[in-house]
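Participant: my questions concern the predicted model and sequence given below.
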Amino acid sequence: MAKQKAMLIDIKRCIGCLSCETACKQLHGFSPDPEPTLSDTAFTVVETRGDKFVRKVCMHCDDPACASACPVGAIGKSPLGAVVYNADKCIGCRYCMLACPYQVPRYQWTKLAPFVKKCDMCSDRIKAGKSTACAEACPVQATVFGDRDALIAEAWNRIRGDSSYVPRIYGLEELGGGSVLFVSDVPFEKLGFKPAPTGNQPMPTLTASALGDSPKVVIMGGTILSALYWVTQRRREVALAEAEEKATIDKIKGERS
Amino acid sequence: MIARIKSEITLWRVIVAIIFTTGLYATYVRFFEGFRASTNLSDQMPWGLWVGLGTLCGIGLSAAGFGISAAVYLLGMERYRPILRASILISFLGYLTVMVGYLYEIGLPWRFWHPIVMWNHRSVLFDVCICIMTYMTVLTFEFAPAVIEKLPWKVFRETILRYHHKILIAVVLAGVLLSSMHQSYLGGLFLIARGKIHPLWYSQYMHALFYLSAIPAGLALTVMAIYLCMRSLKVRIDFSILSDCGRMIQLLLIVYAFFKLLDLVSNQALGYAFQRTSEAGYFWLEVALFLAVPIFLLSFDSVRSNPERLYWTSAIVVAGFMVDRLNVSINSLQSAMGAHYVPKWTELASSVLVIAAGVIAFRYAVIYLDILPKATVKPSTRWISNGGLPAQT
């Protein structure tokens, strides 16, 4: 099996030059004007938080909420680690947008045949052994691309080598982990990273328990209802038989008298 | 001639005309100009009125069909047989409106069949789709006799109905289970949006709460529909059945209120109800309309046994239920998603069009088919109570 790839984003190193944004837009053929938030023509943006720059991009979760939510299985995790979208399956229900804890998927609201749009970690490029466009464009290696294991080691190296880093890799364990990792010299909470809704548990566990209960409920409910039906049927039969019996007795009595 | 035309123009016909014109225009905008032109949906609010009103309220308010059929066929509560067909018809048409609404909701409506062949068993929405489609088949089956018995070919009719009768109970049982599943899965849809849904509504038992709240709401809608049939369509039915439905609604609402309170307390979310937020306001509106007022009113015999009062109380239940579903699907999400969503008029107009079409279909079904016992009695003797026995035609 191919080794899982990942991106490491270093907030301390980022200088906010927007090269990653531009490279991404260029690759996809979008207009190069920067946008304030993610959109169907901006799969990554650089947000300014105080004097820091934070890249917003799909986190490529290992067990993605969007993939578990999609009713037709149009979203999946590729062996290389990218969370990819299959436009041929999508029906446009937009449940992935509701499910994603990072609010990443965007929709083509203006189109008559709209699709979901999000970062696919340059799926075609990485399959060909290349790096992602954004990592390639970064002039200061604030975004680097590589094998996930190697990048985790690299991240710990950076943290150990420089005491100004927060001793934490965001995206390593949050919501079950993913293929986009952040390191920073400012606490993540101060940079607008929201607390993970399920801690280190993947989001799909939320629905798994409810769905997992349903076979039990169906079997139990079915049994109970069948039993109740049997009881009511039996009661009806008994009542009918008793009435018939009574009618016969009455008839005999009537004949005698 | 002009006088005749004038006499044909009644208030309700004008309203229907307005609904159809605006609704059809909204439909045109939706399918030929797209979402941006026809909705206020955005990346921050991907689901709006169509899901909240069309799907969640539509399915929830159609819950009476499985409730009453379970009561009559499985539990032997023969007393409710006179309103059985009406409740199945309401469910059938309710689900039909949801299926039409589904075509408005999804971005690529010509791919509506994808969930049938492309499965993702981990998705709650997939389960909802499959359950609703299967249950639609069940409802068609349950409702079919009302149409088949009107067919002119005697042998064909009787053969079909005989086989129909043989498997009816099994189908009803399947229908009850399927309904229970997807009524709760509709709540289960929102389980994955933890962190986005306001704590007054988010709970790991949302699916159970959706199930519990749907049944009284569905019953309330059935009471409303039958009342309107009695008032305008010469339908004669033993009113004490509806009174008993009122009592049932009250009981079910109390059960729901109990579990909702228990849930809020165990999630330590009750405090949010006393904050000065818009969510708290919506929450109390929901509590008042769906729980407090109806439970209070339905405890009076003078309300339950008076058709008009029972009708209006049921209307409050239905309104409260709609507030609840819109709260979960829209209001509870706004602040966390950073959205300010107010539905566009086209969203409302198209929803109302689909609902109105359902209501009109219901009216003509009641007129032309044997849905409810009909009689040509004088208006003053319409409310007949013969000691609880089902009304005979």
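Facilitator: Perfect, I can see it now.

Participant: from here on, just use CA atoms for contacts and neighbour counts.
Facilitator: Noted.

Participant: can you show me the helices along the stretch 101-250 of chain A?
Facilitator: Assigned by DSSP state H, counting those that start in this stretch, the stretch 101-250 of chain A shows helices spanning A:123-127, A:133-137, A:148-161, A:205-256.

Participant: quick one: list the elements packing against the third one.
Facilitator: Using 3 or more C-alpha pairs under 8 Å, 6 or more residues apart in numbering or on different chains; DSSP states H and E, the elements in contact with helix A:148-161 are strand A:5-10, strand A:180-183.

Participant: for the residue nearest to the spatial centre of chain B, which non-adjacent residue is spatially closest?
Facilitator: Most central in chain B under C-alpha atoms, centre = their mean is B:L61, positioned 1.7 Å from the mean C-alpha point. With sequence-adjacent residues excluded and distances taken as C-alpha to C-alpha, 6 or more residues apart in numbering or on different chains, B:L61 is closest to B:G218, at 4.1 Å.

Participant: burial of the one you found, as a residue count?
Facilitator: As a burial measure, B:G218 scores 31 neighbours (other C-alpha atoms under 10 Å in any protein chain shown).

Participant: can you pull the contacts of it?
Facilitator: B:60-65, B:318 (C-alpha atoms under 8 Å, 6 or more residues apart in numbering or on different chains).

Participant: ok, so what distance separates it from B:R231?
Facilitator: Between B:G218 and B:R231 the computed distance is 20 Å (C-alpha to C-alpha, to the nearest Å).

Participant: one more: A:V186?
Facilitator: For A:V186, the distance to B:R231 equals 70 Å [C-alpha to C-alpha].

Participant: quick one: buried residues of stretch B:36-52?
Facilitator: Within stretch B:36-52, the residues that count as buried by 16 or more other C-alpha atoms under 10 Å in any protein chain shown are B:36-52.

Participant: my error: substitute stretch A:35-48 in the last question.
Facilitator: Neighbour-count burial for stretch A:35-48 flags A:38-47 (criterion: 16+ other C-alpha under 10 Å).

Participant: out of the residues you listed, what pair is the most spread apart?
Facilitator: A:D40 and A:E47 (16.8 Å; C-alpha to C-alpha).

Participant: close to chain A: what parts of the stretch 1-150 of chain B are there?
Facilitator: Residues of the stretch 1-150 of chain B lying close to chain A (C-alpha under 8 Å from any C-alpha of the partner chain) are B:31-37, B:42-44, B:46-47, B:73-76, B:105-109, B:111-112, B:114-115, B:118-127.

Participant: gap between A:F193 and A:A155?
Facilitator: According to C-alpha to C-alpha, A:F193 and A:A155 sit 18 Å apart.

Participant: close enough to count as contact, A:V54 and A:F193?
Facilitator: No: with contact defined as C-alpha atoms under 8 Å, A:V54 does not count as touching A:F193 (9.6 Å).

Participant: pLDDT on stretch B:217-224, on average?
Facilitator: The average pLDDT within stretch B:217-224 is 95.

Participant: follow-up on the earlier one: show me which of the buried residues of stretch A:35-48 neighbour chain B.
Facilitator: A:S39.

Participant: give the contact list for the closest residue to A:V57 other than its chain neighbours.
Facilitator: Among residues not flanking A:V57 along the chain, A:T44 sits closest, at 4.8 Å (C-alpha to C-alpha, 6+ apart). Going by C-alpha under 8 Å, 6+ apart, A:T44 touches A:20-21, A:24, A:38, A:55-58, A:119.

Participant: 10 Å instead, please
Facilitator: Counting by C-alpha atoms under 10 Å, 6 or more residues apart in numbering or on different chains, A:T44 makes contact with A:18, A:20-22, A:24-25, A:34-35, A:37-38, A:55-58, A:104, A:118-119, A:134.

Participant: any idea of the pLDDT on it?
Facilitator: On the pLDDT scale, A:T44 gets 93.

Participant: distance of it relative to chain B?
Facilitator: Computed with C-alpha to the nearest C-alpha, to the nearest Å, the distance linking A:T44 and chain B is 15 Å.

Participant: ok, now A:F188?
Facilitator: A:F188 sits 17 Å away from chain B, going by C-alpha to the nearest C-alpha.

Participant: so that residue touches A:V166, yeah?
Facilitator: Yes: judged on C-alpha atoms under 10 Å, A:F188 makes contact with A:V166 at a distance of 8.4 Å.

Participant: these two: who's more crowded?
Facilitator: Neighbour totals were compared for A:F188 and A:V166, and A:F188 leads with 19 against 16 (other C-alpha under 10 Å).

Participant: rewinding a little: just the buried subset of the residues of the stretch 1-150 of chain B next to chain A, please.
Facilitator: If you count burial by 16+ other C-alpha under 10 Å, the buried members of the residues of the stretch 1-150 of chain B next to chain A come out as B:31, B:34-37, B:42-44, B:46-47, B:73-76, B:105-109, B:112, B:114-115, B:119-127.

Participant: for the closest residue to B:Y73 other than its chain neighbours, give me its contacts.
Facilitator: In space, and not counting its chain neighbours, B:Y73 is closest to B:I169: 6.9 Å by C-alpha to C-alpha, 6+ apart. Contacts for B:I169 were tallied using C-alpha under 10 Å, 6+ apart; they are A:226, A:229, B:69-70, B:73-74, B:142, B:175.

Participant: phi, psi for B:I169 please.
Facilitator: Backbone geometry at B:I169, expressed as degrees, to the nearest 10, gives phi -60, psi -40.

Participant: with B:N120 instead?
Facilitator: Main-chain dihedrals, B:N120, degrees, to the nearest 10: phi -140, psi 90.

Participant: quick check: pLDDT value at it.
Facilitator: Note on B:N120: pLDDT of 91.

Participant: how close does it sit to A:M7?
Facilitator: Noted for B:N120: a distance of 28 Å to A:M7, by C-alpha to C-alpha.

Participant: run a quick neighbour tally on B:L242.
Facilitator: Every residue meeting other C-alpha under 10 Å relative to B:L242 is counted, giving 26.

Participant: for A:C134, that is, sorry about that
Facilitator: Close neighbours of A:C134, defined as other C-alpha under 10 Å, add up to 24.

Participant: residue contacts, it?
Facilitator: Residues counted as contacts of A:C134 (C-alpha under 10 Å, 6+ apart) are A:7, A:18-25, A:27, A:44, A:121-122, A:143-145.

Participant: next: B:E158.
Facilitator: By C-alpha under 10 Å, 6+ apart, the contact list for B:E158 reads B:148-149, B:164.

Participant: near chain A at all, stretch B:173-187?
Facilitator: Yes: Stretch B:173-187 comes into contact with chain A (C-alpha under 10 Å from any C-alpha of the partner chain), by way of B:173-174, B:176-178, B:180-181, B:184-185.

Participant: could you dump those residues into CSV and include secondary structure and pLDDT?
Facilitator: CSV is the format used below for the residues of stretch B:173-187 next to chain A (DSSP: H, G, I helix; E, B strand; the rest coil; pLDDT from 0 to 100):
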residue, secondary structure, pLDDT
B:L173, helix, 92
B:A174, helix, 91
B:V176, helix, 92
B:L177, helix, 92
B:L178, helix, 91
B:S180, helix, 89
B:M181, helix, 89
B:S184, helix, 90
B:Y185, helix, 91
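
Participant: neighbour-wise, which of those residues leads?
Facilitator: Highest neighbour count within the residues of stretch B:173-187 next to chain A, by other C-alpha under 10 Å: B:Y185, with 28 neighbours.

Participant: low pLDDT regions in the chain?
Facilitator: Going with chain A. Scanning chain A for pLDDT under 70 picks out the ranges A:1-2.

Participant: switch to chain B, that's the one I care about
Facilitator: Those would be B:375-393, if you go by pLDDT under 70 across chain B.
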